[in-house]
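Trainee: everything below, folded, please.
(3 chains, ligands or ions: 3)
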Amino acid sequence: MEGDPFQLSTEVADALAGGRPVVALESTIISHGLPRPRNHKAALEFEQLLRDQGVTPATIAVLDGVPQIGLDADGVRRIAEDELAKASVRDLPILAALGRSGATTVAATAHLASLAGIRVFATGGLGGVHRGAAETFDESADLPTLAENPVTVVSAGVKSVLDIGATLERLETLSVPVIGYRTTAFPAFWLRESGFELDWKVDSAEQVAAVMAARDARGSRTGIVLANPIPLEQQWDPAEHDRVLRTAFAAAEEAGVRGKAVTPFLLGYVVDASGAGASRSTSISPATTCGSLPRSRSPGRASRR
Amino acid sequence: MEGDPFQLSTEVADALAGGRPVVALESTIISHGLPRPRNHKAALEFEQLLRDQGVTPATIAVLDGVPQIGLDADGVRRIAEDELAKASVRDLPILAALGRSGATTVAATAHLASLAGIRVFATGGLGGVHRGAAETFDESADLPTLAENPVTVVSAGVKSVLDIGATLERLETLSVPVIGYRTTAFPAFWLRESGFELDWKVDSAEQVAAVMAARDARGSRTGIVLANPIPLEQQWDPAEHDRVLRTAFAAAEEAGVRGKAVTPFLLGYVVDASGAGASRSTSISPATTCGSLPRSRSPGRASRR
Amino acid sequence: MEGDPFQLSTEVADALAGGRPVVALESTIISHGLPRPRNHKAALEFEQLLRDQGVTPATIAVLDGVPQIGLDADGVRRIAEDELAKASVRDLPILAALGRSGATTVAATAHLASLAGIRVFATGGLGGVHRGAAETFDESADLPTLAENPVTVVSAGVKSVLDIGATLERLETLSVPVIGYRTTAFPAFWLRESGFELDWKVDSAEQVAAVMAARDARGSRTGIVLANPIPLEQQWDPAEHDRVLRTAFAAAEEAGVRGKAVTPFLLGYVVDASGAGASRSTSISPATTCGSLPRSRSPGRASRR
Ligand SMILES: [Mn+2]
Ligand SMILES: [Mn+2]
Ligand SMILES: [Mn+2]
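Mentor: Residues are numbered from 1 along each chain as shown, chains lettered A, B, ... in the order given. Ligands and ions are numbered 1, 2, ... in the order given. The predicted structure follows:
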């Protein structure tokens, strides 16, 4: 009844079999994070940026119940044009049983990449602890999922509409390493610096690969967060960012927005207020970092080399 | 010194070996949730309701240190009449070492059912995040346990003395699917609707089985929460429920009840105030839902069919 | 590139191979918990106290990237004299990749002991939930780590600068058994009683071994917290303790200390104010309890006996 747990595209299957680098990409950023029709173009650009670096992209989504690891042209079109549910890890068996489609979140993408033996995943911003979570308990499934899936997630940090400090604490509690790429300043997606400092940085893809190999050698299945700030010339002006965020908080307060509604409200407000800024910053990271990152291999082979 | 990790009753062992449906039942609801001597009668009724549907009941409890999966007549009598400790998962090795008895909570029942290869467990109300947990950190072990044991827990939801919203958030963070049975309204045990909406519903036992099979196919060990509201004619009058709960909160406030004492205080108050209502609602769910639910099998055999 | 996941000392390897008792010791207490040069002397004393009981000590630290299970004389000197980073579980692959050294926390020590097949670990105070964690989310990685590593951690409880109640709740939620050694009063490191009561106590090392064996028989990988209060004659005067703590809270308030800075501030204040008291109390536990505790064996052999 359920079919295979996932379907590899021919391109991704060949790259994995040949030991060539593969980087996973999520689909929620395409289906829910960017306006149409720009999102379709962005999905193709993300893939091309990786191909330009000699990396096979594996965009992940659930189509008609089956998780697809690597999409063909029609698959990319569907995640950009269809009305897809957001699919986290816990939605996968339901989508499979009902034959439904879904755009995979960071959690579901990391989980499926890991199942398929892909070891690096590039995304924009990581999910985390929401502001007000002490009351709402609203914390992204991204965090516990990263504690259990041996994937290195390269991102531009955590958006400042979330509670970045609490998110970093949760990652520490869950024993997920957070490493800066050529910096110890943890980035805030639109900004190169969030004000939170990291204990560790690495300066090369080889060092990341060495951390991954050491994790594998210990038999650990923990993911790794690699924080790669956007280039300085792309970052939002920090003073402007802070001003918009303050206005967004005030607007949420005034509108009486509470609980789970706060993050979407803030995010919508910030995107509206930032104009081209926000869209510019969504084109981050896959290209700049991942081309030189360690090659994806099946976990078995990666544990000793 | 420790003996076997659990003891199957002949009836349950035969049913599992023969691939016939088995549904686990907890014992805490009998020993701590219902007044004597009605609780003894209720335990027997719960089992009979399942048998009437062609399902073998596996009431679970720890007797003299040994987890029993399926109780004989004397076992049922003991959980109803003896003074038993509440046994969560972490108490199992202690009870075993000390040769003590205990009534298993939702967490311990789900864990032991899963160990024994039983895949469906029917209970009344799920444990969750307690009101005030931001301060007390009082959260039921039911929640993380469901994230790690591949059992489908059929319940009438979460009692409104708990923080239902926070409980649903925790389940989301822990990647535990929560599915409504023929409804997207998450129920509140005494009521068919808690005010919280679910993303998914299923309309048949076959769909539940398909979700479980898809979960197994992916190699996942996560449990599933299936929310099955009590029949409309059995539900407490919502206006009356809300009034009693408000009075209960006020009484707790006035009495200066704090921390871990809040939930038992509220629960006691509500049960006293609701008279027959509360006891009526404890006879829910096993019969109505589970007879038609997917058959319990050993996890190995269930993963492909 | 990464080398072996850990290095056993000859002494520890021989003891494990011969089925003789081994107890793990952490290094953070030496490198960060005690003033120099007393800390070097203390490290040697801890080991000697165990040897006097016929137990092989396995002090654990990461030296030049490699986790060492059991230190030679130069290793003990290094953890006492070198400037070492604190190494939690998530730092291990980074230290390995970068060839760096680190003093292992309770979490990292429990994890490495478990990997090496050592089943008992003695420490002073357990990490936990920090005061104000509802806001900061600052919770020690010790707690989830204990949920996943089958090591019995013997300690004198949790320091009262932490939120002891919330820590005990977290351990309950995570299904980690907490057992008192000859008491049901959970201790507060400097004091024999924290005001929090436990459900269970054991009266002998044989009972602890029976709990561990029952846990193993069930296939569980959960750690066990064994709380062993310091001897009455060593405890800090409770009235004096409470007075100092109150003053410390007031000082933190007045100094405007917030978030993650609170615990170090309180701890520093308490240590300063308690004079010899604090240092006296750090020499607790390894000797008094562990000599008579169950022998460390490889997990495979320990599961049936
Ligand atoms: Mn959420
Ligand atoms: Mn509790
Ligand atoms: Mn911390």
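
Trainee: now do the strand ranked longest in chain A: which elements does it pack against?
Mentor: As assigned by DSSP state E, the longest strand anywhere in chain A is strand A:56-63. The helices and strands touching strand A:56-63, judged by 3 or more Cβ pairs under 8 Å, 6 or more residues apart in numbering or on different chains; DSSP states H and E, are helix A:10-17, strand A:22-25, helix A:38-52, strand A:66-69, helix A:73-81, helix A:92-98, strand A:102-104, helix A:106-115. Heads up, the C-betas are built off the backbone N, CA and C, glycines and all.

Trainee: now it: mean pLDDT?
Mentor: If you average the pLDDT over strand A:56-63, you get 98.

Trainee: that older thread, out of the helices and strands packed on strand A:56-63, nearest to chain B?
Mentor: helix A:92-98 (3.5 Å; Cβ to the nearest Cβ).

Trainee: how about that closest one: buried residues?
Mentor: A:92, A:93, A:94, A:95, A:96, A:97, A:98 (16 or more other Cβ atoms under 10 Å in any protein chain shown).

Trainee: ok, the last one touching residue B:206?
Mentor: When you say that, I think you mean residue A:98. No. Using Cβ atoms under 8 Å, residue A:98 makes no contact with residue B:206, being 11.4 Å away.

Trainee: quick check, pLDDT for residue A:73.
Mentor: Note on residue A:73: pLDDT of 97.

Trainee: residues near it, how many?
Mentor: 8 (other Cβ atoms under 10 Å in any protein chain shown).

Trainee: report the contact partners of it.
Mentor: Applying Cβ atoms under 8 Å, 6 or more residues apart in numbering or on different chains, we find residue A:73 in contact with no residue.

Trainee: coming back round to it: tell me what angle the longest strand of chain A forms with helix A:73-81.
Mentor: Following axes from the mean of the first three to the mean of the last three Cα atoms, to 10 degrees, one obtains 60 degrees for the angle between strand A:56-63 and helix A:73-81.

Trainee: direction included, what does strand A:56-63 pair up with?
Mentor: strand A:22-25 (parallel), strand A:66-69 (antiparallel), strand A:102-104 (antiparallel) (DSSP bridges).

Trainee: and these as JSON lines, adding distance to residue B:13?
Mentor: Output for the strands paired with strand A:56-63, formatted as JSON lines (distance: least, Cβ to Cβ, whole Å):
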{"stretch": "strand A:22-25", "distance to residue B:13": "44"}
{"stretch": "strand A:66-69", "distance to residue B:13": "37"}
{"stretch": "strand A:102-104", "distance to residue B:13": "40"}
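
Trainee: for residue A:129, find the nearest of the ones you listed.
Mentor: strand A:102-104 (20.8 Å; Cβ to Cβ).

Trainee: can you get me a residue count around residue A:110?
Mentor: Other residues lying near residue A:110 total 29 when counted by other Cβ under 10 Å.

Trainee: the one 3 residues further on too?
Mentor: Applying other Cβ under 10 Å, we find 30 other residues in the vicinity of residue A:113.

Trainee: and stretch A:12-27, average pLDDT?
Mentor: 97.

Trainee: mind listing what's buried along that stretch?
Mentor: Counting neighbours by 16+ other Cβ under 10 Å, the buried set in stretch A:12-27 is A:12, A:13, A:15, A:16, A:21, A:22, A:23, A:24, A:25, A:26, A:27.

Trainee: closest to residue C:65 among these?
Mentor: Closest to residue C:65 out of these is residue A:21 (25.8 Å), distances taken as Cβ to Cβ.

Trainee: residue A:156 is in contact with residue A:189, isn't it?
Mentor: Yes. Using Cβ under 8 Å, residue A:156 and residue A:189 qualify as a contacting pair, with a distance of 5.0 Å.

Trainee: now the closest residue to chain B within the stretch 101-250 of chain A: how far from residue A:42?
Mentor: The minimum distance from the stretch 101-250 of chain A to chain B, using Cβ to the nearest Cβ, falls at residue A:137 (3.9 Å). Residue A:137 sits 33 Å away from residue A:42, going by Cβ to Cβ, to the nearest Å.

Trainee: higher neighbour count, those two?
Mentor: Neighbours of residue A:137 and residue A:42, each counted by other Cβ under 10 Å, are more numerous for residue A:137; the result is 25 against 19.

Trainee: residue B:174 is in contact with that one, correct?
Mentor: No. The pair residue A:137 / residue B:174 is not scored as a contact, 11.0 Å apart, by Cβ under 8 Å.

Trainee: quick revisit: now the angle from the longest strand of chain A to helix A:38-52?
Mentor: Put simply, strand A:56-63 runs at 140 degrees to helix A:38-52, going by the same axes, to 10 degrees.

Trainee: can you list the weak-confidence ranges in chain A?
Mentor: In the predicted model, chain A carries pLDDT under 70 at residues A:1-3, A:275-305.

Trainee: what does it put close to chain B?
Mentor: Selection of chain A residues close to chain B by Cβ under 8 Å from any Cβ of the partner chain yields A:1-6, A:85, A:88-94, A:96-98, A:107, A:115, A:134-141, A:143-145, A:259.

Trainee: now, these that are in helices?
Mentor: Within the residues of chain A next to chain B, residues falling in helices by DSSP state H are A:92-94, A:96-98, A:107, A:115, A:134-136, A:143-145.

Trainee: of the residues you listed, which ones also sit close to chain C?
Mentor: Answer for these near chain C (Cβ under 8 Å from any Cβ): residue A:134.

Trainee: now the ones in helices among the residues of chain A next to chain B as CSV including distance to residue B:81?
Mentor: Shown next, in CSV, are those (distance: Cβ to Cβ, whole Å):
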residue, distance to residue B:81
A:92, 45
A:93, 41
A:94, 42
A:96, 46
A:97, 43
A:98, 46
A:107, 47
A:115, 49
A:134, 43
A:135, 43
A:136, 43
A:143, 45
A:144, 41
A:145, 45
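
Trainee: just the ones in helices among the residues of chain A next to chain B now: which is nearest residue C:164?
Mentor: For those, the nearest to residue C:164 is residue A:134 (19.4 Å; Cβ to Cβ).
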